[in-house]
Structure formats: C-alpha cells, structure tokens
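S.K.: what follows is a protein structure lacking sequence information:
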C-alpha cells in the first residue's frame, strides 16, 4: 500500500506559526517534530511506500523531514500551483502502477489512537482490494459545524452532507449514523481513474496531458498544464457521485488542528485548563483556560483567562478563546500592510539547511547560516553587499572567485561585493557560520545564482 | 534654584520594561525619551542647576541622557546603596551652599500641564525663600488608595495621612482639602538641615560623616558610611514633624506611572479605549480597553479586552487590567527561577555605549556593540573565548596586544583567547561592530580589566 500524503495546505488560520514558506504541517511545534513528521511516523507502520503531493516551493522541507524520519525513498508530486485534491489524487494514480492501493492522508491531522487507525486502515484496504473507494468517517465527539458529514448505514454511504448549522449538527450527533468526513481515503489507483473518467473526465484528461513526458521520482507538471486541470475536491469530483463508495467508521482521537481553538481543545490541559506548547512553559498566576504557544520568550500570565497566546520571534497573536476563526481577518490585514510577515519566519528553511536573521538594519544585516552535512549553497554573487563570514561550528569549504579554502571553527572569510562565492559543508556535523552583510540592500532577491544543486534561479 | 532629581527607584512593578540595570525612569519607552529625560527637559525651564541622586551602578545612564538633553554641567550624588529620601536630601544640602533653594523631584513622574507646574513652583520658591519647607499637594482625581494624603487648610498643613482604605479615600475626595503627596519638595538647604538637626539628628550626623573628604561634581560616599545613615523617608524624618511645612496645591496632569494600570489610565486612549506605547502600533480587531507596550514585535489583538500587554525582546507580560500590582509576584517568582530576566534587557547600556545580545548558544555568542564617539571600552582580556569583530558603522581604533590598528566600515579584527585588547571610537559618529565570540563560556564576568576609563573592576 502506498501512502499519498497531501501537503498542499497553507494553514493561514494558524498564523503566526504557519507562514507561506513553512505551512503548519511542517512547523516543528510539538516538541521537535512537525505534524507532517508525525504523519509519516504513523503511516510507516501501515504502508511501504510514500508519495508526497506538495507545493513545489516547500517540498524540500518534506524531503528533509522524511530523512529525519528515516524515509529515504519516496516519490513526489511537485505542484507549481495548488489545484485542490482531485487533481493530486488523479496525477498520483496516473503516475503509478494501476493496481497500487493508495492510502490518502492529510499531513496536518492529529491521531492519538494508532491502534484504532491501524484497524480501520486494514478494513479499508480489504474494501479497496474489492475495488471500492473507501472514505474514513470519524465518530463525531461534539456538534462541529466546520466539517462535512457522511450519513452511513453500516459501511454503506447514504449521503454526503455539507457543513451543517448548529441545530443540524446536534441532530447528526443524536442520530448516531453521521460521521465527520476526515479527508482520508483508500482505493486502487485503477478504480479511482475509472470513476474520474465517469464523473470528472476533464480532470482526468488534463491530468494525463500534464504528465506527458514526465517520469522519475519527482514529477513536476508545468504551471501552464497544472492550471488547465479543474481545481476541484475529490469529494465533489467523485465521492459524492460514485456508486462504489464505502465508509469505515472509526474513533481514533482525531483532530484536524485547523484553528488555535482546536489546538486548545485537543491539547493536554493542566488542572486550570491551560495548554502550553513549545519549549518554555509560561509563569502563570491565577490564570485559566489559556493556550500558550511559545518557542523562546519568557511569558508571564497574571489573572488572564480564555486567551490564545501565540508567540513567535517576530509576531505575537493574542485572541480570545472561541474567536480563532477571525485569525483570517488578521492575515487579510497583514496581506495589505506587511505581507513579509505572512511569508517567512525569522528562521527560513532552505534545501541546504536554514538561515536565521539576527539583525536587519538599513546599512548592515547579520545572519546565522546552518548547512546540512554534504550540502552546499548555490554558486552566487551579490550586487549590493559584501559578506564577512565566521565559522562557529563544523567544517566548511569556501569558494571565493578562483580560490577554494577549507575553514573550521573560528575560521573567517571575506566575500567582496560582486565576487562569485559558495559555501559547502564538508564535515560530518552541522556547519554554522555567522554572516555579516555590509551594503545598501539586503533582500533575498540580490542573489545571482551561477550554479545550484537545487535548480533554483 | 537647584533641581535635585531622585533617581534611586527600582520600579519592579513595571517589569519587564523596568530591569535592575535600566530602571523605569531611564527606559526609553515614550517615543525616544525616558521619564528621566522628560523630567530634565521640564525642569530646565525652572532651575539653573541639576543635582542627580542616583544609584552608583546606573548613574552613567543619567549622564548619557542628560547629555542628550543638552545638560553638560551637573552634580551627582552616587549612592552605593539606596537609603531612602531623607539621606539623599540631607547629603545634597550638606554638599551645597547653605542658601541654595532646592526643588526636589522624582525622576519617574508624568506632568502634562507644565504651566500649572511652573506656577506652583514659583509659589513654592517664594515660600522656600521665606524659610518654609514646601510640599506639593496634587488635587486628587479619584479615590486612590496607593498614595499618602496631605490634609490642608489653604497652604497650612493640618496632617499627613497614610495610604487610606477605599472608603476613607472617597471621604478625602468629597472633603476637598486632601491632596496626594507628590514626593516633590522645595526648601532652602540650610532650613532643611536645621529641621533634620531637630527631628532626625542621626541622619544628619551620619550624612556629615559620609561626606568627609569628598568633593567635586561626583560625590560617592563609601558603602560603609552609607549603611550607617538611617534609611528613612523625608516625610517620616521631617515633613510630618516640622512646624515649618507649607503645601502648594496643584492640578497639573500628574501621574506617578507606578503600575501598568496607571499607564493605561494616563495614556492616550483611542476611541475603543486602547492605549499603545512603543514604536509599532498593534493590529486590533474588536478589542478594547487594552494597554499594549511594544518595542519591535508585530502584535495582533483579536476580541481581547481589558488586557495589559507588555512585550520586550526576551519577556512578555500579559495581565488583566486592574491586577497590575500582582506584577510583584511575577518578579518574586523570577527572582528564584531566572534572576537574569530581572537584571538586564537584551540591550545593555554601558558607560561607553551599549551592547545587544543577538544570539547566545553553548558554543558561541553574537553581539552588536555600539560605542559613543570619543569613548572606549576597558583594556581587557578573556579566559574562555576568542572574538571576531567586523566594523559595520563608524571608525575604530583597535588594540590587540602590542598592535594598534584603525578600522572603518567592513574592517575586521581577530582577538585570540587571552590576548589583551581594546575597542575605541575615534570617529565623529556612532561606532558599531558585530562581535562573534567562540569559546566555552560567555558570561560578562569573563572580562579581566587591565585599565578602564570608568574605574570598573
């Protein structure tokens, strides 16, 4: 069975921890791992292959995190633009053996009861081998109005229901045969494609065209071809129309962590109802029912109740509990006023490692740069800045014009403005340097790449 | 008239903006100036001389801020330990011409109506020249229970009253002849000393002893001598006992900014009752009656009411409005768990300028160092670290062992572990360097000073 993990979500409702360069599924919030890493670790026990559908820009983060989880071979669908779930599932099926059984999972859900998951997946696989398209229905725990529901009779699907109002949701809960639509599926590739042919032939046709001439472990359709595929969910395209649908009901401590309210609900509450996530617990005084997410800062709460506190290096969100859907309004406002705040964290991942902006002024900028063993930055030059490097950890090979030198801890290099240069980690451990940039402009767009291991322009 | 400014307060109720190395009166919160700077600017119009009573450790900040305000000559009482107000006033009087008229003011109060202040001070000076000890009584605006009150009949003082309970305070407000004790005074030095002789002779005697052999513009009694002077307020020592007291009632938009609740009360409220202080206004959505103090971070508030938000580079305080007196409990807790958080900000002032910690790890540390024109750090060495400097602004003279070099923007220097070195600003503008420390210990106590312009050990 192949686990197709859908990583296309932007997660804007979780700003400021979710940014476009590191969407929520990749953010290492829960201790040291991300929701994506947890998904991989869980599904490794159920599937022998992985197929990752990700936006082209952020797929390298998936690659790095897969490596951490010990997954070394994996296929990728790299989407230059998101087209919802039907195209992703269709493209993955077209690019695979027709008899492949797929387990489709989102990358950003929490599942606490892995044994229940395993039992449900086992049953779904049986049904998929009988050529059914299988959905997973979560036993609802409360009358949630933000999810779609599946009306079932045993494993038969009677109907798919849109997000209900409160009263309707309460009725579903009482009826007992309505389940949350989890966004997880299980099917044989050939069966999916046959049903796409019947119910969404344009998606199939344009998906075929988008794949022409592409092969290998990384499939990257062109922007033009992707944009021709109708953007539609698999629910609308097939599930709500096909007669081959089955549902496997399951209770597995599931949550989609779609909002900070949801994170508080699902979090481990202390006796006063406070939930803390991150590396440093806050000091609390007479404070209850708060969510505090913090990576680095010391936070003190005094007589504060029902507050969502989300603290990052450059942005702080304070929101009353029950109102976290309004984070969308915050994001819309920043889109006008300060879009950079939606794009990057202070630490920015790169295919070769990451950098952290330590100081950014009009006339100089200071960065910490961390390079993964064996990786190197592009061969590059800058028009507007010179750079001063000091190696603080690890072993570097540094190219400056025609010269190549090796530097270890305490070693230094000077890159004149306009000079071609490159930084490479040739040691067994992480390479860290402190870079002081001096010049008149320090944007990431002042990088002229002459050569790059990651095909970036 | 000489303005004696009392700068001894620690301001722990305003943590995290107030830290022991930069107490609240010196913190540049209100735009670009501090409460101390505002006090100096106000009183320059009323007095021709300044006498600053400050703790020895933080007096250099007063000096730097006086320079910014254009005050170049000033006398200092540098206290190795705080002994409350009576010793400070006595020492200043003993160290001055006996006929000097003193205007005593705290350094951390807000006064919005400067004309009212000027009229009150003019009347107080007249009374002081008639050899009265004058206090200033603030017309109470609400039944504050945190201040002492003065009961008056015209300019006659009938009694001093301790901090009242709520009911008593309401009675004072209704009566109309009770005033807040402002902590401001006006008197002739000789008269104060005569009254000290009568009512607090030990304070006078030990103050005389503490001054023996000291002269010049900076008077620094020894720790031993200071500790012998009884620690007592001028109110208890003299004001409540003397028959020469007069009170000048005044309404001048006064506030002592003793707590974040007080800052919200006094702040400029927007139509929804929000008060913002700092360089960056927050984004607010359906939020009202909040105080937000922030230097750098982007802050978004969603459906948040009656919250005090105080954000600094390394610590964040969230406190419900009306409870800011509990900040003391936070401070007590951190005193046990993380005392460094009470001492320094990320940016630490020094007599020669300031430094900012950009990154602090177990194996390396990165600082920005800013040196005022003409100043230099101590001639020093380190046991546990080497240092890599890059000049990013200004012009430096750098001593390394026997070598002296001059560096400008882009210049670099390497200080081996154990090597004697010094950094000096020889340019007309601020000198800024980025320092990368590599070693195994990075505490400020790993500085062995061989020579220092500021007599630090």
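M.R.: Nice, I can see it. The structure displayed is predicted, hence computed values, not measured ones.
S.K.: and residue A:144, how far from residue B:22?
M.R.: In this view, residue A:144 and residue B:22 are 49 Å apart by Cβ to Cβ, to the nearest Å. For every residue, glycine as well, the C-beta is placed using N, CA and C.
S.K.: comparing those two, which residue is more hemmed in?
M.R.: Neighbour count, other Cβ atoms under 10 Å in any protein chain shown: between residue A:144 and residue B:22, residue B:22 has more, with 22 against 18.
S.K.: quick one: that one from residue B:67, how far?
M.R.: From residue B:22 over to residue B:67 the distance is 17 Å, taken as Cβ to Cβ.
S.K.: now swap in residue A:13 and tell me
M.R.: Per Cβ to Cβ, residue A:13 is found 50 Å from residue B:67.
S.K.: neighbour count winner among those two?
M.R.: For residue A:13 versus residue B:67, neighbours defined as other Cβ under 10 Å are more numerous around residue A:13 (21 against 12).
S.K.: pretty sure that one is touching residue A:328, no?
M.R.: Yes - using Cβ atoms under 8 Å, residue A:13 is in contact with residue A:328, at 6.1 Å.
S.K.: and residue A:40, how many residues sit next to it?
M.R.: For residue A:40, the count of nearby residues is 26 (other Cβ under 10 Å).
S.K.: isn't there a helix covering it?
M.R.: Yes - counting by DSSP: H, G, I helix; E, B strand; the rest coil, residue A:40 is located in a helix.
S.K.: so who does the closest residue to it other than its chain neighbours touch?
M.R.: Sequence neighbours aside, residue A:69 is the residue nearest to residue A:40 in space, at 4.7 Å (criterion: Cβ to Cβ, 6 or more residues apart in numbering or on different chains). Listed by Cβ atoms under 8 Å, 6 or more residues apart in numbering or on different chains, the contact set of residue A:69 reads A:37, A:40-41, A:44.
S.K.: quickly find the element holding residue A:434.
M.R.: strand A:431-439 (DSSP states H and E).
S.K.: can you name every helix or strand that that strand contacts?
M.R.: Under the contact definition 3 or more Cβ pairs under 8 Å, 6 or more residues apart in numbering or on different chains; DSSP states H and E, strand A:431-439 sits against strand A:364-371, strand A:385-393, strand A:421-425, strand B:364-371, strand B:385-393, strand B:431-439.
S.K.: what's the biggest strand by length in chain A packed up against?
M.R.: When chain A is parsed with DSSP state E, its longest strand is strand A:178-188. Contact here means 3+ Cβ pairs under 8 Å, 6+ apart; on that basis strand A:178-188 packs against strand A:101-106, helix A:114-129, strand A:133-138, strand A:149-153, strand A:245-250.
S.K.: check the gap between residue A:358 and chain B for me.
M.R.: Residue A:358 sits 4 Å away from chain B, going by Cβ to the nearest Cβ, to the nearest Å.
S.K.: identify each buried residue in the strand or helix carrying that residue, please.
M.R.: Using DSSP H and E, residue A:358 maps to strand A:353-360. Buried residues in strand A:353-360, counted by 16 or more other Cβ atoms under 10 Å in any protein chain shown: A:353-359.
S.K.: ok, stretch A:324-333 next?
M.R.: Buried residues in stretch A:324-333 (16+ other Cβ under 10 Å): A:324, A:326-327, A:330-331.
S.K.: residue A:158 belongs to a strand, doesn't it?
M.R.: Yes - according to three-state DSSP, residue A:158 belongs to a strand.
S.K.: quick check: the nearest residue to it once chain neighbours are set aside vs residue A:246, distance?
M.R.: Leaving aside its sequence neighbours, residue A:158 sits nearest to residue A:151 (Cβ to Cβ, 6+ apart; 4.3 Å). Shown here: residue A:151 relative to residue A:246, a distance of 13 Å by Cβ to Cβ.
S.K.: between those two, who's got more neighbours?
M.R.: More neighbours surround residue A:246 than the other of residue A:151 and residue A:246, with 21 against 17 (other Cβ under 10 Å).
S.K.: isn't the more buried one up against residue A:136?
M.R.: No - look at residue A:246 against residue A:136 with Cβ under 8 Å: they stay out of range, at 10.2 Å.
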